[in-house]
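*Asks:* Pasting the sequence and the predicted coordinates here, then a few questions.
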Amino acid sequence: PIPNPLPSFWLDNAGSKDWTDTPLPDSIDFIVIGGGITGCSAALKLIELGGSCIIIEAREISGGATGRNGGHIWPCPRKGKKDQLTVLRSEFEERATQELAQYVEHRKIDCDLAFRGSVELAFDPKVMKVLAAGPGERLSPEQVRETF
């Protein structure tokens, strides 16, 4: 981890526990490195499958990127590209998005999960030209505000 990271909007009022003096167990089935969304999800799944598990985290749970991102999901279909890697990546992103929605529903997590599409912004004419040649539609600033 970097020293003095940006403060986390999500963790400002969550509180934390100092686990540094907690003794490690003598025996464990799995050790998960990283206490972000991926590590915590993996640990939960391992426990649900009957394994014992600990998480090793450099900061506090969700203290790294997970606690500092904007909470976005972007399954990017990459229309028009047919190479094997692009197809596999698109299938993975779609499946991961569906599984996340099922997870939130199954666990009754109150997190305002919503799928509203995505927006790609062009900051200069060259990028605008590339985006305009691709799939999708152009929206006015007013349409973006109303939709997203």
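*Replies:* All right, it came through fine. Source: prediction; values computed, not measured.
*Asks:* For the rest of this, base every contact and every neighbour count on C-alpha atoms.
*Replies:* OK.
*Asks:* quick one: contacts of stretch 103-120?
*Replies:* Contact with stretch 103-120 is made by W74, A101, L131, T147, F148, as judged by C-alpha atoms under 8 Å, 6 or more residues apart in numbering.
*Asks:* Can you flag the buried ones in those residues?
*Replies:* Buried members of the contacts of stretch 103-120, scored by 16 or more other C-alpha atoms under 10 Å, are L131.
*Asks:* Could you identify the most distant pair in the contacts of stretch 103-120?
*Replies:* The most widely separated members of the contacts of stretch 103-120 are A101 and L131, with 28.6 Å between them, by C-alpha to C-alpha.
*Asks:* tally of neighbours for I37?
*Replies:* 15 (other C-alpha atoms under 10 Å).
*Asks:* Then P23?
*Replies:* Residues lying near P23 (other C-alpha under 10 Å) number 7.
*Asks:* Could you measure from it over to R59?
*Replies:* Using C-alpha to C-alpha, to the nearest Å, we find P23 at a distance of 17 Å from R59.
*Asks:* where's the nearest residue to L11 once chain neighbours are set aside relative to N4, distance?
*Replies:* In this structure, L11 finds its nearest non-sequential neighbour in G67, 6.5 Å apart by C-alpha to C-alpha, 6 or more residues apart in numbering. According to C-alpha to C-alpha, G67 stands 14 Å off from N4.
*Asks:* likewise V87?
*Replies:* Distance from V87 to N4, by C-alpha to C-alpha: 39 Å.
*Asks:* got it, and A122?
*Replies:* Between A122 and N4 the computed distance is 32 Å (C-alpha to C-alpha).
*Asks:* quick one: furthest residue from the center of this protein?
*Replies:* In the chain, D26 marks the outermost C-alpha relative to the chain mean, sitting 32.6 Å out by C-alpha atoms, centre = their mean.
*Asks:* in what helix or strand does that one lie?
*Replies:* In this structure, D26 is located outside every helix and strand according to DSSP states H and E.
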